[in-house]
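1. any chance you can model this:
(one chain, ligands or ions: 2)
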Amino acid sequence: MAAQMTATKVPEVRDITRIERIGAHSHIRGLGLDDALEPRQVCQGMVGQLAARRAAGIILEMIKDGHIAGRAVLIAGQPGTGKTAIAMGIAQSLGQDTPFTAIAGSEIFSLEMSKTEALSQAFRKAIGVRIKEETEIIEGEVVEIQIDRPATGTGTKVGKLTLKTTEMETIYDLGSKMIESLSKERVQAGDVITIDKATGKINKLGRSFTRARDYDAMGAQTQFVQCPEGELQKRKEVVHTVSLHEIDVINSRTQGFLALFSGDTGEIKSEVREQINAKVSEWREEGKAEIIPGVLFIDEVHMLDMECFSFLNRALESDLSPVLIMATNRGITRIRGTNYQSPHGIPIDLLDRLIIIATSPYTEKETRQILKIRYEEEDVELSEEALTVLTRIGLETSLRYAIQLISTAGVVCRKRGGTEVQVEDIKRVYSLFLDESRSSQYMKEYQDSFLFNETKATQMDTS
Ligand SMILES: Nc1ncnc2c1ncn2[C@@H]1O[C@H](COP(=O)(O)OP(=O)(O)OP(=O)(O)O)[C@@H](O)[C@H]1O
Ligand SMILES: [Mg+2]
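-> Ligands and ions are numbered 1, 2, ... in the order given. Modelled structure (predicted):
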């Protein structure tokens, strides 16, 4: 048979069940950029924040290129200015194969593993390895299946399978295992099938068009396909994408792959990681694997301490490093675990390796647009006046507080039998739920009757 290098496409079955819930960022479907990477005012759930989105678009392009490892970006700005939203926008715009891992700075503090181990795992979750495998398959239309049962009734069955393409026809001998899988898949004459030569796995592609006449005898769901062309034997390229972390877990003897499902991976020995790095680079040289640097997003990065920051410094220099995106809303503050102050609570030597994207507060128009997108997302109807009032609340208190009022006002409105949230509903929830400044005001007035009252502590301590 002529050695054909053409890879045939065999449709893969993918079942994805997603539970859709409305989260804080579920309205974000991308960065909302056009082809020239220019942000549109309102697009893909994103509103305004144009400069930051433009910058994020360039980072996104860089990630998609996949050639640059170990770059780090910091998104810095006031609370509620869309830092996490922009990171989610980047995540949405990446291809399916590019890993995106999101953690919050506080997540790495656990008793089960050291901080640096947790960070290593996060880093390796963000590196994809695309492994290419070539398998030989036989693809053809079944002409005839002939099974000879031994006269005694017991013993191994043998048989013959005739397959054809538009150009050729071949008879294959069948062993008992193949006979079993053929009957399990209910393969009949007229079916177009593929058989994986290495594993013997049978895949039914559909009924041949030449059998369309028998249509009446079959269910409506029967799918018709063309009789394959060319040779019966074909090469098919299968591509799997896994993360380095997944390879680590599967190969760590103490854990085994089941740990991937429980998430209980424990610490992974550094020898295992070194072996895997060596193996992966071997595969790369042989052209069997490709590295896809993904993204590690560390939100609330000021929660990390000195050890973690020094780990990040080192980790970013490795060539197996993802693009690191961090976000913080802190100004000049103490670095956790030290008495030193630094911008964003991040040591200067790490800051020096970062490029920083700044976000800024929203205008009235933008706040209104974000609230509009949110109430549509939450399936709540809002009257124009109610939206105006809510926008004012958003500007005077915070955007987050205004967003919270949407669903609560929705409940109040439904309870009074209304379909569209009116100004009164907003007023009612505004009086029921305090925002931060009114709550602080209240506490100041009644401070003496609260427990653990320490009005002298003026600054919040993050360590
Ligand atoms: N430009 C935007 N377009 C659409 N929605 C936005 C935008 N900016 C923020 N939001 C929404 O407003 C809410 C608050 O924004 P987000 O959580 O991103 O703020 P943040 O900058 O991460 O704040 P923090 O510093 O407190 O973490 C979220 O629900 C977010 O999806
Ligand atoms: Mg955030």
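2. alpha carbons only for contacts and neighbour counts from here, please
-> Will do.
3. hey, where'd the helices end up in the stretch 101-250 of the chain?
-> For the stretch 101-250 of the chain, the helices defined by DSSP state H, counting those that start in this stretch occupy 115-125, 176-184, 244-251.
4. export these to JSON lines and append columns for distance to ligand 1.
-> JSON lines is the format used below for the helices of the stretch 101-250 of the chain (distance: least, CA to the nearest ligand atom, whole Å):
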{"stretch": "helix 115-125", "distance to ligand 1": "20"}
{"stretch": "helix 176-184", "distance to ligand 1": "49"}
{"stretch": "helix 244-251", "distance to ligand 1": "27"}
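5. check contacts around the residue of the stretch 151-300 of the chain found nearest ligand 1.
-> Per CA to the nearest ligand atom, E300 is where the stretch 151-300 of the chain lies closest to ligand 1, at 6.8 Å. Shown in contact with E300 (CA atoms under 8 Å, 6 or more residues apart in numbering): A104, G105, S106, M326, A327, T328, N329.
6. swap the cut-off to 10 Å and go again
-> A76, T84, I103, A104, G105, S106, M326, A327, T328, N329, R330 (CA atoms under 10 Å, 6 or more residues apart in numbering).
7. save the helices of the stretch 101-250 of the chain as JSON lines, and put in mean pLDDT and mean neighbour count too.
-> Shown next, in JSON lines, are those (pLDDT from 0 to 100; neighbours: other CA atoms under 10 Å):
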{"stretch": "helix 115-125", "mean pLDDT": "90", "mean neighbour count": "21"}
{"stretch": "helix 176-184", "mean pLDDT": "86", "mean neighbour count": "15"}
{"stretch": "helix 244-251", "mean pLDDT": "86", "mean neighbour count": "22"}
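8. got the ones you listed as a markdown table, with distance to E167 columns?
-> Converted to a markdown table, the helices of the stretch 101-250 of the chain look like this (distance: least, CA to CA, whole Å):
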| stretch | distance to E167 |
| --- | --- |
| helix 115-125 | 47 |
| helix 176-184 | 24 |
| helix 244-251 | 43 |
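9. out of the contacts of E300, which are inside strands?
-> Of these, the ones assigned to strands by DSSP state E are A76, I103, A104, M326, A327, T328.
10. of these, select the buried ones using a PyMOL command.
-> Per 16 or more other CA atoms under 10 Å, the buried members of the ones in strands among the contacts of E300 correspond to this PyMOL selection:
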select buried, resi 76+103+104+326+327+328
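11. same list (the ones in strands among the contacts of E300) but as CSV, adding distance to ligand 1.
-> Formatted as CSV, these follow (distance: CA to the nearest ligand atom, whole Å):
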residue, distance to ligand 1
A76, 8
I103, 13
A104, 10
M326, 11
A327, 7
T328, 6
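12. make TSV from the ones in strands among the contacts of E300 and add pLDDT and distance to T241 to it.
-> Shown next, in TSV, are the ones in strands among the contacts of E300 (pLDDT from 0 to 100; distance: CA to CA, whole Å):
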residue	pLDDT	distance to T241
A76	94	32
I103	90	21
A104	90	25
M326	94	25
A327	94	28
T328	93	31
